[in-house]
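Participant: Okay, here's the prediction I keep looking at, along with the sequence it came from:
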Amino acid sequence: MSVEHASMRVIEGYARGGTDLAADEVWAVEAHLEACRVCRDRLSAAVGAEVPAVASLVDTVWSGLEPQLAVTATMPRGRRWSARLSRWMTPTMVPWLAMVVGVTLLALLLDLADTGSGSGSGFGSGSGDVSLVLLFAPVLPVLGVAASWSRGLDPAYELTASVPRAGLYLVLRRTASVLGVVVPALLVGGWVTGVMVAQWLLPCLAFTATALALGGVIGVTRAAVVLAGVWAAVVVAPTLAASRMTFALQTGVLPVWGLILALGIGVVIARRGAYAVLGAHR
């Protein structure tokens, strides 16, 4: 496929059913046809020349549908907004995102209660202590990303995973919708508790990028669950037991989180074709 239009080899192969094309070529031409009228016209001409039986069937179906489409009511404004929102998230993500925001709120309340009581239990914002908002910030968006790609939670999973835009394009959209909810909640929590923005934002973005990078190998949901489990076992549990800030969340480690974020983004870009494979949606 050229930079602007699909080649005639790909167009004609797709018109014949795509059996002689690679899977990534089929996905790419389907995504390209959504936005390119020139190639859609070329495909229409190729179908008429290569498979006239299919062209005849399409004409028959269209002749039956056209009178009905002419009298079909337009979509109500409310449903238009719902349709646009569905491009970014699924209904099953809503309770999970609400849960993530609820956890952030609970962590913030515990931080404020501990600071106000001055009990010195180790979870205030004083030096040497650790904020619960800071402790949970890296894994909160990862949980939302896991929910957005869960086969068991999304009843439209099979349909979603089979559409032309089910590759990296849709993965990034859903990830952005998760971050769009989680980051403002963490921003408020960090501001109230006095935690530096970079101190929670870098681990948060680094974990999300790492989940997507691993998702191209073992599936986005599995990668998110594995990372959340590792964080809970290696960082959360020891921190709660020692009641002191873990080394992973200290300001001196911020360059390391920045490097992890850069590596994660690099892997996602380098393996962007892997997200068009159904295994990436596990």
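Facilitator: That came in fine, so what should we check first? Numbering: from 1, shown residues only.

Participant: Just the pLDDT for the residue nearest the centre of the chain.
Facilitator: Geometric centre of the chain, nearest residue: Thr175, 2.8 Å, by CA atoms, centre = their mean. Looking at Thr175, its pLDDT is 83.

Participant: That one sits in which helix or strand?
Facilitator: helix 168-193 (DSSP states H and E).

Participant: And for Arg9?
Facilitator: helix 8-15.

Participant: Now the helix or strand following that helix - C-alpha only, CSV.
Facilitator: Note on helix 8-15: by DSSP H and E, the next helix or strand toward the C-terminus is helix 23-35. In CSV, the C-alpha atoms belonging to helix 23-35 read as follows (Å, rounded to 0.1, in the frame of the first residue of the first chain):
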residue,chain,number,x,y,z
ALA,A,23,-3.9,-10.4,7.6
ASP,A,24,-2.2,-7.0,8.2
GLU,A,25,-2.9,-6.0,4.6
VAL,A,26,-6.6,-6.8,4.9
TRP,A,27,-6.8,-4.8,8.2
ALA,A,28,-4.9,-1.9,6.7
VAL,A,29,-7.0,-1.7,3.5
GLU,A,30,-10.2,-1.9,5.5
ALA,A,31,-9.1,1.0,7.8
HIS,A,32,-7.9,3.0,4.7
LEU,A,33,-11.3,2.5,2.9
GLU,A,34,-13.1,4.2,5.8
ALA,A,35,-11.5,7.5,5.0
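
Participant: returning to that earlier point: figure out how far the helix holding Thr175 is from the centre of its chain.
Facilitator: In terms of CA atoms, centre = their mean, to the nearest Å, the centre of helix 168-193 is found 11 Å from the chain centre.

Participant: One more: stretch 54-70?
Facilitator: 37 Å.

Participant: List the buried residues in that stretch.
Facilitator: Residues of stretch 54-70 classed as buried under the neighbour-count rule (16 or more other CB atoms under 10 Å) are Ala55. C-beta: built from backbone N, CA, C; applies to glycine.

Participant: Run through who's touching it.
Facilitator: If you take CB atoms under 8 Å, 6 or more residues apart in numbering as the criterion, stretch 54-70 is touched by Ala15, Val47, Gly48.

Participant: For Val133, what is the enclosing helix or strand?
Facilitator: Going by DSSP H and E, Val133 is part of helix 132-136.

Participant: before we move on, the earlier item: kindly export the helix or strand just after the helix holding Thr175 (C-alpha atoms) in PDB.
Facilitator: Remark: after helix 168-193, the chain's next helix or strand is helix 197-218, criterion DSSP H and E. Taking Å, rounded to 0.1, in the frame of the first residue of the first chain, the C-alpha atoms of helix 197-218 are listed here in PDB:
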ATOM      1  CA  VAL A 197       2.700  16.200  40.300                       C
ATOM      2  CA  ALA A 198       5.700  14.500  38.700                       C
ATOM      3  CA  GLN A 199       6.000  12.100  41.700                       C
ATOM      4  CA  TRP A 200       2.700  10.400  40.800                       C
ATOM      5  CA  LEU A 201       2.200  11.300  37.200                       C
ATOM      6  CA  LEU A 202       5.500   9.700  35.900                       C
ATOM      7  CA  PRO A 203       4.900   6.300  37.500                       C
ATOM      8  CA  CYS A 204       1.200   6.500  36.400                       C
ATOM      9  CA  LEU A 205       2.100   7.100  32.700                       C
ATOM     10  CA  ALA A 206       5.100   4.600  32.900                       C
ATOM     11  CA  PHE A 207       2.900   1.800  34.200                       C
ATOM     12  CA  THR A 208       0.200   2.500  31.500                       C
ATOM     13  CA  ALA A 209       2.800   2.500  28.700                       C
ATOM     14  CA  THR A 210       4.400  -0.700  30.100                       C
ATOM     15  CA  ALA A 211       1.000  -2.300  30.200                       C
ATOM     16  CA  LEU A 212       0.400  -1.500  26.500                       C
ATOM     17  CA  ALA A 213       3.900  -2.600  25.600                       C
ATOM     18  CA  LEU A 214       3.400  -6.000  27.200                       C
ATOM     19  CA  GLY A 215      -0.100  -6.100  25.800                       C
ATOM     20  CA  GLY A 216       1.300  -6.600  22.300                       C
ATOM     21  CA  VAL A 217       2.800  -9.900  23.600                       C
ATOM     22  CA  ILE A 218       0.500 -11.400  26.200                       C
END
